[in-house]
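Visitor: Sequence first, predicted model second:
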Amino acid sequence: MHSDVIKKGVPAAPNRSLLYALGYTKEELERPLIGVVCSYNEIVPGHMNLDKIAEAVKAGVRAAGGTPVEFPAIAVCDGIAMGHVGMKYSLVTRDLIADSTEAMAMAHQFDGLVMIPNCDKNVPGLLMAAARVNVPTIFVSGGPMLAGTLNDGRRTCLSHMFEAVGAHYAGKLNDEGLEEYEENACPTCGSCSGMYTANSMNCLTEAIGMALRGNGTIPAVHSARLRLAKHAGMKIMELVEKDIRPRDILTESAFHNAETIDMALGCSTNTMLHLPAIAHECGITLSFDMANEISEKTPNLCHLAPAGDTYMEDLERAGGVYAVMAELAQAGLLDTGLVTCTGKTVAENLQGVVNRNPEIIRPLDNPYSKTGGIAVLKGNLAPDGCVVKQSAVAPEMMVHEGPARVFNSEDDAIAAIYAGRIVAGDVVVIRYEGPKGGPGMREMLNPTSAIAGMGLDKDVALITDGRFSGATRGASIGHVSPEAASGGPIGLVEEGDMIAIDIPAHTIELKVSEEVLAARKAAWVCPEPRIKTGYLSRYAKMVSSADRGAVLE
């Protein structure tokens, strides 16, 4: 066992003395040591229940003959961090989580790991760590939040809450209406109830083979979540015995499966940052171009919020991620021979799985669209690509051309939107918010929600080298690469320039001649960094572009 180096023989006597100081018995030290990485804290609603999940995992580990050892991982609530400097610290935690978990796992030589994440960067950060450490590992998340209910019986969620702010600024919602959303949008613990980034990543962790069935969809408040955690604790012992490791599961074909399921589910555009970053830790390159290739042959089968009015609890009742996978497998769109954390293949896992609600999970012959939920656009504005969640774009905005309204920060853009200075037809451009320029690549949920709340989501596009929350809907195009701070063409756009967007054709064009762009490029000067000290300053110096997953180099 890996842990023998700190448990066995004369040289390990000092190590054993410290383990005895923790209260472990000789009998416990004879068993495999299983690290239980718990992201519990008291500031993230999706993590407030993870102490209960950890206790259930540890019970499962003990029941199967292991010794669980818990240690923490950090997590940021993107919703609470939204709209201020705190959002600069969201994406960057993905690497802090991966680094710190790697350090703890390697320093203490665990025989296996159970990862307990839930919210946005916590899931990919722990997947990155799992790939690096490469000891048997399984994931079990805290589960999604239930949808809220307004006084008139309508269901609601966090994306509606953000859009309510825009409606309030537009005079479409009074103070009492805003307060009603505040009190009802987030009614339970758990990751916010739509197909936002946290739930997208938890579903893809299940889809890629690193978590048991139901991990992405069983609600946080259901007791089935505790049973799932116990089974994950039991299953890690089997993985240790069989020596099935993350890199045995996280193969190139597994990532292509995950991208296919991503397209069918209509996941957050943030998956286009996280899947490449996780693959990078496995020595695998996932290109933007592959995303369009997969999307072209993968139908979009689900329209959960913000694309539609259904929620994670509905997907669970319909059969969950496995039911979506079963639909795709029927069409030969998945590699079903791959090994998973169950110890079985994808095909074996899907035996007997049925779609219990063809309105929630559309069958292949009746999809929401014949192509997947995400599209990558390229053109002279984004030579290396940019990303849009096309399943959440109104039909009227799939092709759009309009004048650029240019802002050098999210703060300036949101002030203009709230002041009513953005009108139908505009293309809002927010730049210097990329991985380097932000630094930290802030999410733009506030401006996109304000546009939607004001009723302009069918008339206004938004383009940024930053990124979007999974709760964003509309013609919101992010991850523009190269970013402005790296000299990308988005930094050369001027007020009033015409921008043409054609999502079906995968193009985005700045309607300015090459000669004019060359002159602007010659005169361009990179602005001074906004932050010159601390972790964000170091991050800006090391981070790659968004099209490569914003990995540190």
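Guide: The structure has been received and is ready for your questions. Numbers count the residues shown, from 1 in each chain.
Visitor: longest helix anywhere in this protein?
Guide: In the chain, assigned by DSSP state H, the helix with the most residues is helix 223-242.
Visitor: Let me know the average pLDDT across that helix.
Guide: Across helix 223-242, the average pLDDT comes to 98.
Visitor: ok, now stretch 523-541?
Guide: Mean predicted confidence for stretch 523-541 is 95.
Visitor: which of the residues in it are buried?
Guide: Buried residues in stretch 523-541, defined by neighbour count with 16 or more other CB atoms under 10 Å: Pro529, Arg530, Tyr535, Leu536, Tyr539, Ala540. Backbone N, C-alpha and C define where each C-beta goes, glycine included.
Visitor: As CSV, those with secondary structure would be great.
Guide: Output for the buried residues of stretch 523-541, formatted as CSV (DSSP: H, G, I helix; E, B strand; the rest coil):
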residue, secondary structure
Pro529, coil
Arg530, coil
Tyr535, helix
Leu536, helix
Tyr539, helix
Ala540, helix
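Visitor: can you give me the strands for the stretch 51-200 of the chain?
Guide: Using DSSP state E, counting those that start in this stretch, the strands of the stretch 51-200 of the chain run over residues 67-72, 112-116, 137-139, 148-149, 155-156.
Visitor: Nearest to Thr345, out of these?
Guide: Checking those against Thr345 by CB to CB gives strand 137-139 as the closest, at 16.4 Å.
Visitor: Quick one: the helices in the stretch 351-500 of the chain, in order.
Guide: Here the stretch 351-500 of the chain has its helices, by DSSP state H, counting those that start in this stretch, at 410-418, 445-453.
Visitor: Deepest-packed of these, please.
Guide: Of all the helices of the stretch 351-500 of the chain, helix 445-453 carries the top mean neighbour count, a mean of 27, counting by mean count of other CB atoms under 10 Å.
Visitor: Who are the packing partners of that helix?
Guide: When contacts are defined as 3 or more CB pairs under 8 Å, 6 or more residues apart in numbering; DSSP states H and E, helix 445-453 packs onto helix 158-169, helix 410-418, strand 427-430, strand 461-464.
Visitor: Contacts for it next, please.
Guide: Helix 445-453 is contacted from outside by 82-83, 159, 162-170, 172-173, 410, 413-414, 417-418, 422, 428, 430, 457, 460, 462, 468-469, 471-474, 476, using CB atoms under 8 Å, 6 or more residues apart in numbering.
Visitor: Among the residues you listed, name the buried ones.
Guide: Buried among the contacts of helix 445-453 (16+ other CB under 10 Å): 82-83, 159, 162-170, 173, 410, 413-414, 417-418, 422, 428, 430, 457, 460, 462, 468-469, 471-474, 476.
Visitor: so how many other residues sit close to Lys521?
Guide: If you count neighbours by other CB atoms under 10 Å, Lys521 ends up with 12.
Visitor: any idea what sits nearest it, other than its immediate chain neighbours?
Guide: Leaving aside its chain neighbours, Lys521 sits nearest to Leu492 (6.1 Å; criterion: CB to CB, 6 or more residues apart in numbering).
Visitor: Starting from Leu462, give me the distance back to that neighbour.
Guide: Counting by CB to CB, to the nearest Å, the gap from Leu492 to Leu462 is 18 Å.
Visitor: picking that back up, quick one, which of the strands of the stretch 51-200 of the chain gets closest to Glu316.
Guide: The closest of those to Glu316 is strand 155-156. By CB to CB, the value is 15.0 Å.
Visitor: residues making contact with that closest one?
Guide: Contacts for strand 155-156 (CB under 8 Å, 6+ apart): Ala147, Gly148, Thr149, Leu150, Tyr181, Asn184, Ala185, Asp309, Tyr311.
Visitor: what would the residues you listed look like in JSON lines with distance to Ala103, pLDDT and neighbour count?
Guide: As requested, the contacts of strand 155-156 are exported to JSON lines (distance: CB to CB, whole Å; pLDDT from 0 to 100; neighbours: other CB atoms under 10 Å):
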{"residue": "Ala147", "distance to Ala103": "38", "pLDDT": "98", "neighbour count": "27"}
{"residue": "Gly148", "distance to Ala103": "39", "pLDDT": "98", "neighbour count": "22"}
{"residue": "Thr149", "distance to Ala103": "44", "pLDDT": "98", "neighbour count": "13"}
{"residue": "Leu150", "distance to Ala103": "46", "pLDDT": "98", "neighbour count": "15"}
{"residue": "Tyr181", "distance to Ala103": "41", "pLDDT": "98", "neighbour count": "23"}
{"residue": "Asn184", "distance to Ala103": "41", "pLDDT": "98", "neighbour count": "19"}
{"residue": "Ala185", "distance to Ala103": "37", "pLDDT": "97", "neighbour count": "23"}
{"residue": "Asp309", "distance to Ala103": "44", "pLDDT": "95", "neighbour count": "16"}
{"residue": "Tyr311", "distance to Ala103": "37", "pLDDT": "98", "neighbour count": "26"}
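Visitor: hang on, the earlier thing: tell me the helices and strands packed up against the longest helix of the chain.
Guide: strand 33-38, helix 50-63, strand 112-116, strand 137-139.
Visitor: from the chain's centre, how far out does the longest one sit?
Guide: Between the mean C-alpha location of helix 50-63 and the chain-wide mean there is a distance of 25 Å, by CA atoms, centre = their mean, to the nearest Å.
Visitor: start at 166 instead
Guide: Got it, the first residue is 166 from now on, which makes the last one we talked about helix 215-228.
Visitor: okay, the angle between it and strand 277-281?
Guide: For helix 215-228 against strand 277-281, the angle by axes from the mean of the first three to the mean of the last three CA atoms, to 10 degrees is 150 degrees.
Visitor: what would the strands of the stretch 216-365 of the chain look like in CSV with distance to Met269?
Guide: Output for the strands of the stretch 216-365 of the chain, formatted as CSV (distance: least, CB to CB, whole Å):
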stretch, distance to Met269
strand 232-237, 5
strand 277-281, 10
strand 302-304, 13
strand 313-314, 37
strand 320-321, 39
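Visitor: quick one: which of those is nearest Ser204?
Guide: Across the strands of the stretch 216-365 of the chain, closest to Ser204 is strand 277-281 (CB to CB), at 6.0 Å.
Visitor: Give me the sheet partners of the closest one and which way each runs.
Guide: Sheet pairing of strand 277-281 (DSSP bridges) gives strand 198-203 (parallel), strand 302-304 (parallel).
Visitor: Next, the buried residues of the longest strand seen in the chain.
Guide: Ordering each strand of the chain by length in residues (DSSP state E) puts strand 564-572 first. By neighbour count with 16+ other CB under 10 Å, strand 564-572 contains the buried residues His565, Gly567, Ala569, Arg570, Val571, Phe572.
Visitor: What is the nearest of these to Cys354?
Guide: Nearest to Cys354 among the buried residues of strand 564-572, with distances taken as CB to CB, is Phe572, at 35.9 Å.
Visitor: got a pLDDT number for that closest one?
Guide: 98.
Visitor: Excluding chain neighbours, what is closest to it?
Guide: Ala578 is the one closest to Phe572 (CB to CB, 6+ apart), at 4.0 Å.
Visitor: list the contacts for that neighbour?
Guide: Phe572, Val593, Ile595, Pro612.
Visitor: partner residues bridging the residue lying closest to Arg586 once chain neighbours are set aside?
Guide: Using CB to CB, 6+ apart and skipping the chain neighbours, the partner closest in space to Arg586 is Arg570 (7.9 Å). Beta-bridge partners recorded for Arg570 (DSSP bridges): Val593.
Visitor: show me the contacts for Arg570.
Guide: Arg570 makes contact with Ala581, Arg586, Ile587, Asp591, Val592, Val593, Val594, Glu660, according to CB under 8 Å, 6+ apart.
Visitor: okay, the nearest residue to Asn339 once chain neighbours are set aside: pLDDT?
Guide: Excluding its sequence neighbours, the residue lying closest to Asn339 (CB to CB, 6+ apart) is His333, at 7.6 Å. According to the prediction, His333 has pLDDT 94.
Visitor: just checking, His333 touches Leu343?
Guide: Yes - the criterion here is CB atoms under 8 Å, and His333 meets it with Leu343 at 5.0 Å.
Visitor: All good on my end, thank you.
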